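Engineer: Give me the fold of what follows.
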Amino acid sequence: MNLYGAQHHILVHSNAIDAETHQHTFIQVTIALESDFEIEIQGEVLRTTGIVLNSNVTHRLQGSGQPLVLLLIDSTSTIGAAFKQYMGKRDYSNFPSELSKEVAKFITAQLPQIHDAGSYSLFLQELITIFHLDYTQPAITDARIKELIQRMKQCTDPEHSIRTYAEQFGLSSSRISHLFKENTGISLSGYLVLHKLQKACYLIFQGTSITDAALAAGFDTPSHFANTSKRLLGMTAKDIRKDSVFLQVSSLH
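Structural biologist: Residues are numbered from 1 along each chain as shown. The predicted structure is shown next:
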């Protein structure tokens with residue numbers, strides 16, 4: 001499994017994705033790299049080569065051992081809004097088969113060439129072009145938000161909460177959340193969830209125990225991390241560790 005941690009999404013490339021019935025606040029894009037896959041949405045079983053699923057929609061994804069690419073995107077982000085154009089007011093939308101095949105071909109060819117944030121940025125820009133999305137990365141201009149991101153990156157705080165960070169900068173929770181969204185195009189609450197999950201994965205891949213990684217990343221307990229990992233990625237922390245590679249590819253990290 002390859003895991004790429006960006007500021008507004010996580011990209012997972014794996015043949016071991018098998019999530020139980022659940023829902024989450026992220027927009028989920030799933031692309032089959034070889035043949036179609038099965039996904040259950042609100043009790044209805046579908047077979048598809050590619051699909052985008054809205055946030056807070058109950059679903060279950062069964063990879064059946066075939067390679068899939070999973071994008072978990074902060075639903076409040078600008079790139080999340082771009083993907084919503086495929087759904088309108090619906091819970092989900094299947095991508096046209098030819099589009100899914102084009103995306104799968106591109107991903108298969110380009111993922112092995114990604115080694116750092118720069119190459120991932122180029123990959124993401126091209127991927128967005130193939131999906132015909134209208135997306136521009138916001139610029140971070142507020143020094144307080146730059147400092148906040150650096151503090152979260154270092155994980156020096158005992159508590160990862162919006163209120164704690166707001167107090168450090170003499171701001172209200174609503175004000176710091178507004179500034180963060182204005183500068184990054186991402187909700188602060190959504191970013192914190194992605195950040196903690198990415199941080200824990202990074203530490204595990206560096207050899208840290210699952211328990212220590214979970215606590216260092218800001219999860220209340222190791223079981224909280226395990227549940228979050230299973231719910232969002234469809235894999236337990238132990239599954240993630242097996243033959244896996246994690247790459248932080250975010251300009252915000």
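
Engineer: Tell me where the stretch 151-253 of the chain has helices.
Structural biologist: Here the stretch 151-253 of the chain has its helices, by DSSP state H, counting those that start in this stretch, at 162-168, 173-184, 188-205, 210-216, 222-233, 237-241.

Engineer: so the third one versus helix 173-184, what angle?
Structural biologist: What that stands for is helix 188-205. 70 degrees (axes from the mean of the first three to the mean of the last three CA atoms, to 10 degrees).

Engineer: Buried residues, helix 188-205. List them.
Structural biologist: Of the residues in helix 188-205, 188-205 count as buried by neighbour count, 16 or more other CB atoms under 10 Å. Any C-beta I mention is one placed from the backbone N, CA and C, and that applies to glycine too.

Engineer: returning to what we had before: I'd like the helices of the stretch 151-253 of the chain laid out as CSV, including mean pLDDT and distance to Thr25.
Structural biologist: Shown next, in CSV, are those (pLDDT from 0 to 100; distance: least, CB to CB, whole Å):
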stretch, mean pLDDT, distance to Thr25
helix 162-168, 91, 15
helix 173-184, 92, 15
helix 188-205, 82, 7
helix 210-216, 88, 20
helix 222-233, 83, 10
helix 237-241, 71, 20
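
Engineer: Could you dump those helices into a markdown table and include distance to Ile73?
Structural biologist: Shown next, in a markdown table, are the helices of the stretch 151-253 of the chain (distance: least, CB to CB, whole Å):
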| stretch | distance to Ile73 |
| --- | --- |
| helix 162-168 | 20 |
| helix 173-184 | 14 |
| helix 188-205 | 9 |
| helix 210-216 | 23 |
| helix 222-233 | 11 |
| helix 237-241 | 19 |
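
Engineer: wait, which of those is closest to Leu72?
Structural biologist: Among those, the nearest to Leu72 by CB to CB is helix 222-233 (5.8 Å).

Engineer: which outside residues touch that closest one?
Structural biologist: Residues outside helix 222-233 that contact it (CB atoms under 8 Å, 6 or more residues apart in numbering): 3, 10, 12, 17, 19-20, 22, 24, 26, 70, 72, 193, 196-197, 200-201, 210-211, 213-215, 217, 219, 235-237, 240.

Engineer: Narrow those to those that are buried.
Structural biologist: Of the contacts of helix 222-233, these count as buried by 16+ other CB under 10 Å: 3, 10, 12, 17, 19, 24, 26, 70, 72, 193, 196-197, 200-201, 210, 213-215, 217, 219, 235, 237, 240.

Engineer: which stretches of the protein have low pLDDT?
Structural biologist: Applying pLDDT under 70 to the chain picks out residues 63-64, 137-138, 155-159, 240-246, 248-253.

Engineer: May I have the phi/psi pair for the residue located most distally from the centre of it?
Structural biologist: What lies farthest from the middle of the chain is Gly170; by CA atoms, centre = their mean that is 29.7 Å. Note on Gly170: its backbone torsions stand at phi 70, psi 30 [degrees, to the nearest 10].

Engineer: Equivalent analysis for His132, please.
Structural biologist: Here is the backbone geometry of His132 (degrees, to the nearest 10): phi 60, psi 40.

Engineer: what's near enough to touch it?
Structural biologist: Neighbouring residues of His132 by CB under 8 Å, 6+ apart: there are none.

Engineer: cool, Val69 as well?
Structural biologist: Residues counted as contacts of Val69 (CB under 8 Å, 6+ apart) are 11-13, 30-31, 33, 104, 107.

Engineer: So it: helix, strand or coil?
Structural biologist: strand (DSSP: H, G, I helix; E, B strand; the rest coil).

Engineer: Now for the nearest residue to it once chain neighbours are set aside: which residues touch it?
Structural biologist: Spatial nearest neighbour of Val69, excluding adjacent residues (CB to CB, 6 or more residues apart in numbering): Ile31 at 4.7 Å. Going by CB under 8 Å, 6+ apart, Ile31 touches 49-50, 68-69, 95, 100, 103-104, 107.
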